[in-house]
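Colleague: need coordinates for the following:
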Amino acid sequence: MKHKFFNGTARLAAVLVFCILFSLFGSCFAVFAATQQELQQQLDAAKEAYDDAAQKQEDLEKQAEQTQEQIGELNDRTEQITAQLSSVYSALVDAQTQLDAAQGEADAAQAALEQKQAEYDTRWDEAKEQLAAMQMLHYSGSLSILSQVTDLFQLLNFARALTDINDKNTEVLTRLNDEAAALEETRNQAQAAAEKAEAARDELQTQQENLQATSDQLAQALMEANANLDEQQAEAEAQAQITEEAKKAYQQATAELDAFAKSQNSKYTSATLYCSLDFGCALTPGMSISCNFGDPDGIDGSPHGGTDFPAAKGTPIYAVADGVVSAARAMSSYGNCVQISHGTADDGNNYATLYAHMSSIAVSEGQTVTKGQVIGYVGNTGAVSGKNGGYHLHLELRINGTRTNAMNYIPH
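Modeller: Residues are numbered from 1 along each chain as shown. Got it, this is the predicted structure:
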């Protein structure tokens, strides 16, 4: 009975120990899962906040750039209008000078014409008086015929004795009449020139008024555009501070997730896990590189932490060396990713590789893998962009937890 009791007690104790261990393991796993999920949620929230802030900042900066372009166009237009105003003003001064000269000529021609008309009238009166006096002598003082005279030619018919006087008077009056006709033509031409000059001046004045109105409108538009630009630049500067804070929050969340990846590597790294540094290719040899280590990358333009190899969707991805899978899950911008801890090499350094953006994962956490083993397939999960849907492998090499250029160690 004692033996049976002992065996029963032992079995009961074993069951209790198993339950306690299972409970502890389950609690640890739950805490681990909650921690990883919380980090993931923090990173996703930080990325979304940064994306929103960066987009708003970009919109504000673009709006300010458009306003600056508008101001540049308004300034160019203002310069053009100012030049046109200066040209029109000069032309208006010249037109007024020409108008004054033409009007002066017209006035002078009018005065000369009036003077010539006065000479003609005086000469005409003198001729009439001469003929009247001679008619009275010829007809014994009779004035009946003279009173019926209406022009010079009727006077000339009254007596042959007056022929010489008539010829002389006719010559003088004809000359005066011709001179008056010439003066009238000159006056008409001068007046026409004056009217033309006045019309040109009026047209230039209209142009000047229109240009001045446009200039005033441009000045008002420039004032409003500059005020808008000041406001937009102030908003952009304020938004830049918000974006910077969001960037820091994103970087902090990324650092925390990165720390999680490092802790996973430490978790699965043991004293017996040895790295021979005999690395192989992660993809079929000869694959091209679309983004090198250290190139500007990411939403914040930080240096690219790995090397990108574009490849068709579903292309097999191979472990570059023996090791233990320390992570195999979706991780924010990495998408579906696998991390392999390779252990410590003869140089005393610890090595781990990370493969991101997989379409699917072919291994599980804690699994031992060998060099050349398929661990997943090329995809475009996580934060990706580019041609062909962004399908590529993002490969990282971490030495003692620090990202390093994998191309210095891993062939491709």
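
Colleague: show me the residue at the heart of the chain, geometrically.
Modeller: For the chain, Q66 is the residue whose C-alpha lies nearest the centre (C-alpha atoms, centre = their mean; 4.9 Å).

Colleague: that's a strand at that residue, yeah?
Modeller: No. Looking at Q66 with DSSP: H, G, I helix; E, B strand; the rest coil, it is helix, so not inside a strand.

Colleague: how close does it get to I289?
Modeller: 37 Å (C-beta to C-beta, to the nearest Å). The C-beta positions use only the backbone N, C-alpha and C, and glycine is treated the same way.

Colleague: same thing with E58?
Modeller: Counting by C-beta to C-beta, the gap from E58 to I289 is 29 Å.

Colleague: so, low pLDDT: which residues of this structure?
Modeller: Within the chain, the stretches with pLDDT under 70 are 1-37, 39-40, 43, 130-166, 298-300, 385-389.

Colleague: residue ranges for the helices of this structure, please.
Modeller: 2-138, 152-156, 163-268 (DSSP state H).

Colleague: for those helices, could you give me TSV that also reports distance to A319?
Modeller: Converted to TSV, the helices of the chain look like this (distance: least, C-beta to C-beta, whole Å):
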stretch	distance to A319
helix 2-138	22
helix 152-156	134
helix 163-268	14
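
Colleague: between these, which gets nearest to A327?
Modeller: helix 163-268 (4.9 Å; C-beta to C-beta).

Colleague: now do the contacts for A112.
Modeller: L183, T186, R187 (C-beta atoms under 8 Å, 6 or more residues apart in numbering).

Colleague: mind running it again at 6 Å?
Modeller: L183 (C-beta atoms under 6 Å, 6 or more residues apart in numbering).

Colleague: one more: the one 5 residues further on?
Modeller: Listed by C-beta under 6 Å, 6+ apart, the contact set of Q117 reads A180.

Colleague: quick one, which of the helices of the chain is nearest to N336?
Modeller: helix 2-138 (13.0 Å).

Colleague: D51 and D94, how far apart?
Modeller: Distance, D51 to D94, by C-beta to C-beta: 64 Å.

Colleague: again with A181
Modeller: 33 Å.

Colleague: top strand in the protein by residue count?
Modeller: Longest strand of the chain, by residue count under DSSP state E: strand 350-361.

Colleague: list the strands paired with that strand, with their directions.
Modeller: When sheet partners are counted by DSSP bridges, strand 350-361 sits next to strand 336-344 (antiparallel), strand 374-378 (antiparallel), strand 392-399 (antiparallel).

Colleague: and the gap between the nearest residue to T404 once chain neighbours are set aside and P310?
Modeller: Distances taken as C-beta to C-beta, 6 or more residues apart in numbering place L397 nearest to T404, at 5.1 Å, with adjacent residues excluded. The gap separating L397 from P310 is 19 Å, by C-beta to C-beta.

Colleague: who has more neighbours out of those two?
Modeller: Ranked by neighbour count (other C-beta atoms under 10 Å), L397 and P310 place L397 first, with 24 against 19.

Colleague: tell me the bridge partners for that one.
Modeller: T353, T404.

Colleague: what comes up buried for stretch 172-181?
Modeller: Across stretch 172-181, burial judged by 16 or more other C-beta atoms under 10 Å covers V172, L173, L176, A180.

Colleague: how's this structure carved up into domains?
Modeller: Recorded structural domains for the chain (assignment: automatic domain parsing) are 71-233, 269-412.

Colleague: now do the longest one: distance from first to last residue.
Modeller: With C-alpha to C-alpha, to the nearest Å applied, domain 71-233 spans 14 Å between its terminal residues.

Colleague: what about the closest residue in space to M287 that isn't next to it in sequence, distance to P285?
Modeller: Using C-beta to C-beta, 6+ apart and skipping residues adjacent in sequence, the residue nearest M287 is F309, 4.6 Å away. Using C-beta to C-beta, one gets 11 Å for the distance from F309 to P285.
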